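Peer 1: need a 3D model of the following:
(one chain, ligands or ions: 3)
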Amino acid sequence: MNPSSTALLDRVTYPIDLRNFSPEQLRLLADEVRAETINAVSVTGGHLGACLGVVELTVALHAVFDTPYDRVIWDVGHQAYPHKILTGRRDRIRTLRQGGGLSGFTKRSESEYDPFGAAHSSTSISAGLGMAVARDLKTARYEAASEEERQAQGLQRDDRNVVAVIGDGSMSAGMAYEAMNNAGSLKSRLIVVLNDNDMSIAPPVGAMSAYLSRLMSSRSFISLRDLAVKMVKRFPKGIERTARRAEEYARGILTGGTLFEELGFYYVGPIDGHNLDHLLPVLRNVREADEAGAILVHVITQKGKGYEPAERAPDKYHGVSKFNVITGEQAKAPPGPPSYTKVFGDALINEAKRDPAIVAITAAMPSGTGLDKFATAFPDRMFDVGIAEQHAVTFAAGMATEGMKPFCAIYSTFLQRAYDQVVHDVALQNLPVRFAMDRAGYVGADGATHAGSFDLAFLGCLPNMVIMAPSDEAELVHVVATAAATDDRPTAFRYPRGEGTGVALPTQGEILALGKGRLIREGNNIAILSLGTRLADALKAADELAARGFPTTVADARFAKPIDTAMVEQLAKHHEVLIIVEEAAIGGFSAHVMQHLAWKGLLDNGLKVRPMVMPDAFIDHNSQAKQLAEAGLSARDIVDTALAAVGVEVPGAGQAKALTGR
Ligand SMILES: Cc1ncc(C[n+]2csc(CCOP(=O)(O)OP(=O)(O)O)c2C)c(N)n1
Ligand SMILES: CC(=O)[C@@H](O)[C@H](O)COP(=O)(O)O
Ligand SMILES: [Mg+2]
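Peer 2: Residues are numbered from 1 along each chain as shown. Ligands and ions are numbered 1, 2, ... in the order given. Sure thing, here's the model as predicted:
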């Protein structure tokens, strides 16, 4: 239902205070927030489904808790648009995920109502527990201090509530259990709201999801009366521990929350996460519960709730482009070259047809990684392990020890979460796990949290690791074939979010010579050594430099590790300027090239080396092109860098100079 009025939304103040809204007005406010969210995302694109699933929960949390004093932490933060609309950002909600606009996730620097930044999942309970313990320590200091110490040190009692809202998908990550395990023993008051919509991006997987489904399906929502009785019983004074445990088990059988109870949480639910008549009294009860300890409120919601197209296809409406509100039709990009993701998926299917040892692993992102098609083609050889990157990597390592050829497809940014597994379980044991790192480089609207910036730095320093970076989608087909054929060591390959260059695709990938790059164009005193998809801009820059009288050599490295030592030595010996360009943070490919040249004494003879890498800054959401320009990695910047190196004055060259003082 799309109420046209915004009468109640217009009454929401900043700071937010919903105490004088009646339950009926809160219900109507939720309808208005839902309509506002749908209308805003129809013009911005974004994570619609998750947001619509938490509209009532968002209203209830801000009605019951004294935010921002009470902390509400949104796990992942992709569902926080209603929260942003209610907390002073309604006027900017249509700038979501655009340059200079609101972030698509919660962000400390954006609002006092965002106590913790998010975007990578399953961090909310840990962060919330940290805040709860800090609160208790501050209160303990206050209580132990004399009056004058309190004055002198500005000590105050801190009695804020801390609420972490985490989804069922995010509850499949190990970090959530680490946090619950600790919370259950620390006895710091912490409220966890499990937002269970029985969806991750795709339908959830794993035993946890099955367990939660049992909780949901084994019984209807707990009646408020039973709940009220349980809540009163919950905090009896002086009950014997054995009696209490008996009571917990009894309740566990009643509610099924035994897993959480065993982790030291008081389990409440499941309750209807769209029914404010349930949410408000339960959250008030929980807020008033006067005993230490962690409480988990299990709410059942529907992803996409209140918008039929999103209800019907919650996976398709997890992340949407602009869409027609009436029909739900999402705007389609004009037909163009296939995405790198699609090329990877098709190439892997092709390799897997010929090699039954090839298996694929994703961490809850089958469609994002292009492995959904692989799953259709080879249902027994595709493994979605849930949001569990650490497990995914070591699971792949285990498979490799038994002769399988695992392709672990994890976005560059999410692979960060499994770094020790990559080092300790894969590289150190020299196991032939293949890492397909999609979203390498800048990713646009998801911003700094999702940029694939560090993979070359954190993988390049690992012995045994081979790293490839195809310059276009045709090269990616060869890279996949090369990875498939490399059985004696781990390989990783990176490619960007978005469309390819339109180059013709080979029907069959060729196996590349290990550590060999390729010379694309010969010039004379300037050479550009490009890694990955920066090649297109490197060639553009070479064209302009040639037009200005500087015929420029261009080489495609193809491998970030091992580097093509013969080629880089040739470039160094026969050019005055060597520009090395990569869409990655410092410490990656350029560092390895310069390390090699230095030891060969090839930096001793006045060679001017200009490593063009990402600046030492997190670059916010914008279009990918604008992020590259802001980073100083565009064709323009390559031209300016080359001209400056040969002594041609370049006024105000590139914004990157401001960012990095280059
Ligand atoms: C560490 C990590 N891995 C993967 C993702 C990608 N991702 C974003 S949201 C999401 C699904 C989250 O499911 P759930 O927690 O149930 O939230 P819902 O979207 O259902 O509200 C995934 C896999 C991520 N953000 N962080
Ligand atoms: C919230 C989250 O982490 C994912 O939904 C992510 O936004 C997907 O990114 P892509 O849109 O690049 O697949
Ligand atoms: Mg979910």
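Peer 1: now do Y267, the pLDDT please.
Peer 2: The confidence metric pLDDT takes the value 89 at Y267.
Peer 1: and it, how many residues sit next to it?
Peer 2: Per other C-beta atoms under 10 Å, the neighbour tally for Y267 reads 25. No exception for glycine: its C-beta is placed from N, CA and C like everyone else's.
Peer 1: all strands of the stretch 151-300 of the chain, in order?
Peer 2: Here the stretch 151-300 of the chain has its strands, by DSSP state E, counting those that start in this stretch, at 162-167, 190-196, 265-272, 294-300.
Peer 1: how about the residues of the stretch 201-350 of the chain by ligand 1?
Peer 2: Counting by C-beta under 6 Å from any ligand atom, the stretch 201-350 of the chain comes close to ligand 1 at 201, 303.
Peer 1: picking up where we left off before, who wins for proximity to A584 among the strands of the stretch 151-300 of the chain?
Peer 2: strand 162-167 (30.9 Å; C-beta to C-beta).
Peer 1: worst mean pLDDT among the strands of the stretch 151-300 of the chain?
Peer 2: strand 265-272 (a mean of 91).
Peer 1: so what does that one touch, helix or strand wise?
Peer 2: Helices and strands touching strand 265-272, by 3 or more C-beta pairs under 8 Å, 6 or more residues apart in numbering; DSSP states H and E, are helix 174-186, strand 190-196, helix 207-217, helix 224-234, helix 241-255, helix 258-262, helix 276-288, strand 294-300.
Peer 1: export the strands of the stretch 151-300 of the chain to a markdown table and append columns for distance to ligand 3.
Peer 2: Output for these, formatted as a markdown table (distance: least, C-beta to the ion, whole Å):
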| stretch | distance to ligand 3 |
| --- | --- |
| strand 162-167 | 4 |
| strand 190-196 | 7 |
| strand 265-272 | 14 |
| strand 294-300 | 11 |
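Peer 1: can you put the ones you listed in a markdown table and add distance to ligand 2?
Peer 2: Shown next, in a markdown table, are those (distance: least, C-beta to the nearest ligand atom, whole Å):
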| stretch | distance to ligand 2 |
| --- | --- |
| strand 162-167 | 10 |
| strand 190-196 | 14 |
| strand 265-272 | 24 |
| strand 294-300 | 20 |
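Peer 1: for E582, which of the ones you listed is the nearest?
Peer 2: Evaluated with C-beta to C-beta, the strands of the stretch 151-300 of the chain place strand 162-167 nearest to E582, the distance being 35.1 Å.
Peer 1: how about the CA coordinates for the closest one, as CSV?
Peer 2: Listed next in CSV are the C-alpha coordinates belonging to strand 162-167 (Å, rounded to 0.1, in the frame of the first residue of the first chain):
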residue,chain,number,x,y,z
VAL,A,162,22.8,-1.5,23.0
VAL,A,163,20.9,-3.3,20.3
ALA,A,164,22.5,-5.2,17.4
VAL,A,165,20.2,-6.1,14.5
ILE,A,166,21.5,-9.1,12.5
GLY,A,167,20.0,-11.0,9.7
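Peer 1: for D70, which residues are in contact?
Peer 2: Counting by C-beta atoms under 8 Å, 6 or more residues apart in numbering, D70 touches 160-163.
Peer 1: so the residue nearest to P562 when sequence neighbours are not counted, which of the three states?
Peer 2: Counting by C-beta to C-beta, 6 or more residues apart in numbering, P562 lies nearest to G515, which is 3.8 Å off, once chain neighbours are set aside. Per DSSP: H, G, I helix; E, B strand; the rest coil, the secondary structure class of G515 is coil.
Peer 1: quick check, G515 in contact with F559.
Peer 2: Yes: G515 is in contact with F559 according to C-beta atoms under 8 Å; the separation is 5.1 Å.
Peer 1: neighbour-wise, which of these two wins?
Peer 2: F559 (23 against 18).
Peer 1: now do the phi/psi pair for that one.
Peer 2: F559 adopts backbone torsions of phi -110, psi 130, taken as degrees, to the nearest 10.
Peer 1: tell me how far it lies from D277.
Peer 2: 62 Å (C-beta to C-beta, to the nearest Å).
Peer 1: please enumerate the helices of the stretch 501-650 of the chain.
Peer 2: For the stretch 501-650 of the chain, applying DSSP state H, counting those that start in this stretch gives helices covering 535-547, 565-573, 589-599, 624-631, 635-645.
Peer 1: specify the residue ranges that define each domain of the chain.
Peer 2: Using automatic domain parsing, the domain ranges for the chain come out as 9-202+292-320, 340-494, 518-660.
Peer 1: gap between the first one and the chain center?
Peer 2: Domain 9-202+292-320 has its C-alpha centroid displaced from the chain centroid by 17 Å (C-alpha atoms, centre = their mean, to the nearest Å).
Peer 1: also the shortest one?
Peer 2: Distance of domain 518-660 from the chain centroid (C-alpha atoms, centre = their mean) equals 29 Å.
Peer 1: that domain vs ligand 2: in contact?
Peer 2: No: Domain 518-660 lies out of reach of ligand 2 by C-beta under 6 Å from any ligand atom, never closer than 10.8 Å.
Peer 1: for that domain, give the mean pLDDT please.
Peer 2: Average pLDDT, domain 518-660: 94.
Peer 1: cool, and stretch 68-86?
Peer 2: 98.
Peer 1: any buried residues in that stretch, and which?
Peer 2: For stretch 68-86, burial by neighbour count (16 or more other C-beta atoms under 10 Å) applies to 68, 70-86.
Peer 1: Three-state assignment for the most centrally placed residue in the chain, please.
Peer 2: Note on the chain: the residue nearest the mean C-alpha position is H120, at 3.9 Å, using C-alpha atoms, centre = their mean. Recorded secondary structure, H120: coil (three-state DSSP).
Peer 1: now do A134
Peer 2: Secondary structure state of A134, per three-state DSSP, is helix.
Peer 1: ok, back up a step: for the contacts of D70, which one is nearest ligand 1?
Peer 2: When those are compared for distance to ligand 1 (C-beta to the nearest ligand atom), V163 wins out at 15.7 Å.
Peer 1: now the residue nearest to F458 when sequence neighbours are not counted: which helix or strand?
Peer 2: Once flanking residues are discounted, F458 sits nearest to Y419: 6.0 Å by C-beta to C-beta, 6+ apart. Taking DSSP states H and E as the definition, one finds Y419 inside helix 419-420.
Peer 1: what's next to that helix, contact-wise?
Peer 2: Outside helix 419-420, the residues within contact range by C-beta under 8 Å, 6+ apart are 390, 458.
Peer 1: whether it contacts ligand 1 - can you check?
Peer 2: No: counting by C-beta under 6 Å from any ligand atom, ligand 1 has no neighbours in helix 419-420; the shortest distance is 12.4 Å.
Peer 1: could you give the mean pLDDT of that helix?
Peer 2: For helix 419-420, mean pLDDT rounds to 98.
Peer 1: which parts of whatever helix or strand comes next after it are buried?
Peer 2: The helix or strand immediately downstream of helix 419-420 is strand 434-437, counting by DSSP H and E. Within strand 434-437, the residues that count as buried by 16+ other C-beta under 10 Å are 434-437.
Peer 1: as TSV, these with pLDDT and distance to G587 would be great.
Peer 2: Formatted as TSV, those follow (pLDDT from 0 to 100; distance: C-beta to C-beta, whole Å):
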residue	pLDDT	distance to G587
R434	99	23
F435	99	18
A436	99	22
M437	99	16
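Peer 1: next, the contact list for the closest residue to G273 other than its chain neighbours, please.
Peer 2: Leaving aside its chain neighbours, G273 sits nearest to V299 (3.3 Å; criterion: C-beta to C-beta, 6+ apart). Listed by C-beta under 8 Å, 6+ apart, the contact partners of V299 are 57, 193-196, 269-273, 279.
Peer 1: neighbours of G498, how many?
Peer 2: For G498, using other C-beta under 10 Å, the count is 18.
Peer 1: likewise the one 3 residues further on?
Peer 2: Applying other C-beta under 10 Å, we find 15 residues neighbouring T501.
Peer 1: didn't it look like it was pressed against D472?
Peer 2: Yes: taking contacts as C-beta under 8 Å, T501 lies within contact range of D472: 4.5 Å.
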